[in-house]
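**Q** any chance you can model this:
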Amino acid sequence: MNIGMAFFGMPPVYNRKFDKAAPSRILEAELEGRGFTISRADIASSGDLEKALSRFRADRIGCVVVFLRHWTRISLVAGLVRSAGVPAALYAQTSGGFNGTTALTAASAALRETASGYFADSHKRFREGMEEDLCGWAAAADAYSGLKASRLMCWGGFYGADMPYTRSDPDALEGMLVREVMTEQEEVLTGRADQILSAGDKRIGAFLSWLESSGMKITEDGAMVTGAVLKKQASLYIAARDRLAELSDENIRGVSLKCHFELSTTLWKCTGCFLPAFLPFFEGPEGPEKPIPVACEGDLNGLAGLVMLHALNRSVPPLFGDFAEYRDDYVLMRNCGASSVYWAGCSDSG
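**A** This is a model prediction of the structure:
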């Protein structure tokens, strides 16, 4: 996670050099302790601003923090935030006889009262002593910037099983959250899965053996759960992993699969529940895997929620479902299909 930190000096007329304050070191230590890599820039002139912008772009920062301890050229602060193109925060030093609050309020007013763009309009403000809050904001801002450079894949398109709440606007989602919503028909997966089955791919047996060795008990009922069905499910999962490997350069952060009714009753005659169960998991029969959040039935709203949650906490797969309501004493989720097997035991390895 890369974060830009800009230190603004006094205007040149004051003829004073930069003096890094203790609060800045405290803030930097907090951020680095949370896993951030800091790209630093000192800005006192227009030339410094252009150099800082070039450095931040080269370092691919996910957000920028403006450190203010005294009066500075407010136009330079506004220019940085407007041009950086990432979430921005203003941070004021208030100790040691300095009053960064004056510069912060002036910079905030300049950003709010002029046509500055979304990130400038929505900037956040912090003061000394709010380092923990700023670190939380930085984590969310970095997650958002990462999503803006990512893509979603919807196998089978959108709006499945006649459930209206799965209907959404991919153009709007591309405008506010991700770079692109991609679509492919289910045949991209089922065709590969058919080939895997007909070829007697050894990975099917390896996958099912891995399930048993991990402690999973499979009870066949002779109807919905049979050896043939399990092999179909496994082959579709393997096909999905293969396809995602081919698309590794696309930076796909989440996928959805539209089962009903094309996949379940016509095209494949089997649901694809192994995808939401095992794609968002850290391990597979061949070792560590990259967890990929999965929604079902072309639920683009639910998928957006899943990738946001996973971006905030990459160490835990998100629960499967779309958040409908949240209160202190309960969470209501809309859910159709399987969920990551991680939650069966809250374990990375089964």
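
**Q** pLDDT at Ala199, what is it?
**A** Confidence per residue is given as pLDDT, and for Ala199 that number is 94.

**Q** can you check Leu31 too?
**A** In this prediction, Leu31 has a pLDDT value of 93.

**Q** with just CA atoms, put the helix or strand encompassing it into CSV.
**A** Taking DSSP states H and E as the definition, one finds Leu31 inside helix 22-33. Once non-C-alpha atoms are left out, helix 22-33 reads as follows in CSV (Å, rounded to 0.1, in the frame of the first residue of the first chain):
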residue,chain,number,x,y,z
ALA,A,22,7.7,15.4,15.7
PRO,A,23,4.0,14.9,14.9
SER,A,24,4.9,14.1,11.3
ARG,A,25,7.3,11.4,12.5
ILE,A,26,4.6,10.0,14.8
LEU,A,27,2.1,9.9,11.9
GLU,A,28,4.6,8.3,9.5
ALA,A,29,5.4,5.7,12.1
GLU,A,30,1.7,4.9,12.5
LEU,A,31,1.2,4.5,8.8
GLU,A,32,4.3,2.4,8.3
GLY,A,33,3.3,0.3,11.2
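
**Q** mind listing what's buried in that helix?
**A** Using 16 or more other C-beta atoms under 10 Å as the burial criterion, the residues of helix 22-33 that qualify are 23-24, 27-28, 31. Backbone N, C-alpha and C define where each C-beta goes, glycine included.

**Q** now the strands: where do they sit in the chain?
**A** Using DSSP state E, the strands of the chain run over 2-8, 37-43, 63-68, 88-92, 124-127, 151-155, 180-184, 252-257, 283-284, 287-288, 294-296, 322-327, 330-334.

**Q** may I have the phi/psi pair for Val341?
**A** Per-residue torsions, Val341: phi -60, psi -10 (degrees, to the nearest 10).

**Q** so where is the stretch 251-350 of the chain shaky, pLDDT-wise?
**A** Along the stretch 251-350 of the chain, the model assigns pLDDT under 70 to residues 321, 335-337, 348-350.

**Q** picking up where we left off before, relative to strand 88-92, how tilted is the helix holding Leu31?
**A** Computed by axes from the mean of the first three to the mean of the last three C-alpha atoms, to 10 degrees, the angle separating helix 22-33 from strand 88-92 equals 140 degrees.

**Q** who touches helix 22-33?
**A** The contact list for helix 22-33, computed with C-beta atoms under 8 Å, 6 or more residues apart in numbering, reads 3, 5, 7, 38, 65, 67, 69, 91, 93, 95-96, 128, 131-132, 134-135, 138.

**Q** where do the helices sit along this protein?
**A** Per DSSP state H, the chain has helices spanning 22-33, 46-58, 74-84, 100-113, 118-121, 131-148, 170-176, 187-198, 202-213, 227-246, 274-278, 300-312, 342-345. These are given in chain order.

**Q** give me the buried entries from the contacts of helix 22-33.
**A** Buried positions within the contacts of helix 22-33, assessed by neighbour count (16+ other C-beta under 10 Å), are 3, 5, 7, 38, 65, 67, 69, 91, 93, 128, 131, 134-135, 138.

**Q** and the angle from the helix holding Leu31 to strand 63-68?
**A** Going by the same axes, to 10 degrees, helix 22-33 is angled at 170 degrees with respect to strand 63-68.

**Q** for helix 22-33, the distance to its chain's centre please.
**A** 25 Å (C-alpha atoms, centre = their mean, to the nearest Å).

**Q** try stretch 56-72
**A** Chain-centre distance of stretch 56-72: 22 Å, with C-alpha atoms, centre = their mean.

**Q** what does stretch 67-85 give?
**A** With C-alpha atoms, centre = their mean as the basis, stretch 67-85 stands 28 Å off its chain's centre.

**Q** and the average pLDDT for it is what?
**A** pLDDT averaged over stretch 67-85 equals 92, rounded to a whole number.
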